[in-house]
Each structure stands twice: as C-alpha cells, then as structure tokens.
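Q: could you work out the structure for the sequence below:
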Amino acid sequence: MVTPLVSVISINYNQAQVTCAMVASLLRVTYPNIEIIVVDNASPNDESQLITRQFPQVKFIQSGQNLGFAGGNNLGLAVAKGEYILFLNNDTEVDPGFIEPLVQLFERNPTAGIASPKILYYGTDNLIQYAGSQGINTWTGRSITIGQLEPDRGQHNRSRPTQLADGAAMMVPRRVIEAVGPMPEVYFLYYEELDWCESIKRAGYSCHYVAESAIYHKESTSVGKASVLKTYYMNRNRLLFIRRNFNGWARWTSTFVFLAAALPKKAFAHSLHREWTHLKALGRGLSWHLQHPGGL
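A: Predicted coordinates:
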C-alpha cells in the first residue's frame with residue numbers, strides 16, 4: 001500500500017489532558033507515515049505545555065490569540081507537510097486502523113474532495129454520532145445526520161458518497177485545499193466545515209463517508225454542552241450559512257423558518273428557564289447580521 005504523509009491537525013483550548021489522550025491514541029495507529037500538529041488557541045491557562053512535555057514529537061504551535069476553529073486549523077495547515085490533511089477534534093480518540101481506509105479512498109478516487117469516518121460517541125455502547133449526512137434542509141437550515149444516536153449494529157457499514165463531512169474528523173487532500181482555499185474563518189466556531197464542504201462540492205469534488213474508519217467523540221468537551229458561547233455561534237452561524245450557501249426560494253424559506261420559528265422557540269425556552277445570558281447571546285447573534293448586511 002502507498003503511504004503518503006498524513007498531517008493530523010488538532011486544536012487545543014484549555015483541554016491539555018483531553019488533547020494528550022487524543023495524541024496517545026494517534027500514536028497507536030497502524031498507518032506508518034503521519035505527523036501530528038497541535039495548535040493551542042491562546043489557552044488562558046498554561047497547561048498546554050503538558051502536551052509538549054509528554055509528547056515531544058508533536059509539532060506544537062502556540063497562537064497568540066484565539067483564532068477559532070477554522071483559524072486555528074488554518075494556522076496548523078501553514079506548517080503541515082502532508083499530501084493529505086486530517087482535521088481531528090482534540091476531544092476524540094481513534095481506532096488504530098482508521099487512517100488507511102481514508103487514504104485508500106483518495107488514492108483510488110481523484111475526484112474525492114473530503115471524507116469523514118464513522119463517528120461514535122465515546123464511552124457509550126457504540127452509539128453513532130455520524131454515519132454520513134443528508135445535507136442541510138433548505139427549509140430549516142439544519143443539518144440532517146445519518147445514524148444519529150443509533151446503536152451501531154453494522155447497519156451503516158457501507159462506505160458511500162454523502163452530502164456533508166463532519167468537523168470532528170475530516171480528511172482533505174492538499175491539492176483540493178490548494179484549489180478551493182482554506183476553511184472559512186468568518187464563522188469562528190460551528191458551521192465552518194459545512195460551508196467548506198459546500199465550497200469543495202461546488203469546485204467539482206465529492207464528499208464521502210468512510211465506514212471502515214472509526215473514531216470516538218467526547219461531544220462538546222471543549223465548549224460545554226450548554227455554554228453561552230455555543231448558543232451564540234450556533235445560532236449566528238446557522239443564519240450565516242444560509243446567507244452564504246442558499247439562493248432564491250431556499251434562502252427566503254430557511255431564513256423565514258429560522259427567524260419566525262426556531263429563534264422565537266429558543267428565546268422562549270431560555271426565558272422560561274431564566275437563562276438570561278443565553279437570551280442575550282441569541283440577540284447578539286442576530287444583531288451581528290444587522291451589522292454585516294453585505295457580502296461575507
């Protein structure tokens with residue numbers, strides 16, 4: 001088997017112990033030719049040095065400011081030497097043989113532009129988080145994930161083209177990045193990988209789900225399951241994705257559903273539970289769009 005260099009890029013933010021567990025799992029992979037790049041996104045604490053002390057073989061980049069998910073990954077991309085780039089969340093651990101099937105896909109298929117493995121929830125009885133995607137619903141602007149919360153009984157063991165990759169783990173050939181450009185940084189957090197997938201597909205490449213590859217995701221470790229940060233960016237960026245990727249009736253209908261149904265529903269729920277900081281985050285997310293009415 002051909003073994004071109006794979007550059008694995010991951011972002012650390014205040015989660016050095018979690019990142020170390022990810023790196024440890026990467027050091028057990030069976031693929032013989034990888035480099036591991038960790039970008040620390042200006043963590044307020046100094047625990048990030050634990051990563052370099054424990055794993056001196058890691059290429060460690062200390063960012064002077066928090067650049068967000070896309071910005072941090074793009075900083076890692078600038079020093080990556082691999083023919084294939086694997087973007088991997090720091091709150092994951094990997095199956096030892098997960099890289100080979102991804103590389104084989106791109107070696108066999110020159111039109112393949114981006115791919116994600118099967119993603120299982122870490123610490124569960126093999127509950128699936130991602131087994132492909134049906135894409136973004138043009139009425140609601142929400143992504144539709146295949147296999148979500150299903151026990152893995154082999155029902156999604158067939159690799160296939162799919163609509164969207166998953167940002168927790170996605171491989172992209174360098175040649176595709178050179179053709180399309182890096183991940184869009186305007187999102188800062190959430191939806192950027194979905195936007196990037198759409199750009200890759202518009203450039204004539206295909207997106208794939210690779211069932212023979214598996215990782216395990218400790219969902220929402222880095223920002224918290226109910227953080228104000230998540231409330232702000234998830235809602236701001238859902239509308240941003242619609243603005244950047246939908247046209248005609250699809251843009252109008254999905255915008256209307258978001259503003260007339262989804263946003264009021266969330267606002268009511270936060271008000272009911274007296275979650276005033278989350279309510280303010282919704283308002284700030286909406287006002288961001290009023291301040292940026294032009295092209296993005």
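Q: mind listing what Tyr205 touches?
A: 111-114, 176, 180 (CB atoms under 8 Å, 6 or more residues apart in numbering). Heads up, the C-betas are built off the backbone N, CA and C, glycines and all.
Q: turn those residues into a markdown table, including neighbour count, pLDDT and distance to Tyr205.
A: Output for those, formatted as a markdown table (neighbours: other CB atoms under 10 Å; pLDDT from 0 to 100; distance: CB to CB, whole Å):
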| residue | neighbour count | pLDDT | distance to Tyr205 |
| --- | --- | --- | --- |
| Thr111 | 10 | 97 | 6 |
| Ala112 | 22 | 98 | 7 |
| Gly113 | 26 | 98 | 2 |
| Ile114 | 26 | 98 | 7 |
| Val176 | 20 | 98 | 6 |
| Val180 | 19 | 97 | 8 |
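Q: looking at those, which are in strands?
A: Those of the contacts of Tyr205 mapping onto strands are 112-114, per DSSP state E.
Q: may I see the buried residues of stretch 202-220?
A: 205, 207-218 (16 or more other CB atoms under 10 Å).
Q: just stretch 53-64 next, same as before
A: For stretch 53-64, by 16+ other CB under 10 Å, it's 55, 58-61, 63.
Q: repeat for stretch 269-276
A: Those would be 270, 275, for stretch 269-276 by 16+ other CB under 10 Å.
Q: and it, how far out from the chain middle?
A: 28 Å (CA atoms, centre = their mean, to the nearest Å).
Q: now do stretch 30-50
A: Offset of stretch 30-50 from its chain centre (CA atoms, centre = their mean): 17 Å.
Q: same check on stretch 76-83?
A: 18 Å.
Q: convert the C-alpha atoms of it to CSV, please.
A: The C-alpha trace of stretch 76-83 is given here as CSV (Å, rounded to 0.1, in the frame of the first residue of the first chain):
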residue,chain,number,x,y,z
GLY,A,76,-1.7,24.3,11.6
LEU,A,77,-2.2,23.9,7.8
ALA,A,78,0.5,26.5,7.2
VAL,A,79,3.2,24.2,8.7
ALA,A,80,1.7,20.9,7.6
LYS,A,81,3.8,18.9,5.1
GLY,A,82,1.4,16.0,4.3
GLU,A,83,-0.2,15.1,1.0
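Q: and Val58, how far from Phe87?
A: 16 Å (CB to CB, to the nearest Å).
Q: ok, Ala131 next?
A: 19 Å.
Q: do Ile51 as well
A: For Ile51, the distance to Phe87 - CB to CB - is 17 Å.
Q: where does the stretch 1-150 of the chain dip in pLDDT?
A: By pLDDT under 70, the low-scoring segments of the stretch 1-150 of the chain are 1.
Q: in it, which spans are helices?
A: 16-26, 49-54, 68-77, 99-108 (DSSP state H, counting those that start in this stretch).
Q: same deal with the stretch 151-296 of the chain?
A: 174-180, 192-202, 228-245, 248-257, 263-272, 276-291.
Q: how about TSV for these, with distance to Arg160 added?
A: Below are the helices of the stretch 151-296 of the chain laid out as TSV (distance: least, CB to CB, whole Å):
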stretch	distance to Arg160
helix 174-180	19
helix 192-202	15
helix 228-245	22
helix 248-257	24
helix 263-272	33
helix 276-291	34
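Q: what's the closest of those helices to Val94?
A: Among those, helix 192-202 comes nearest to Val94, with 17.9 Å by CB to CB.
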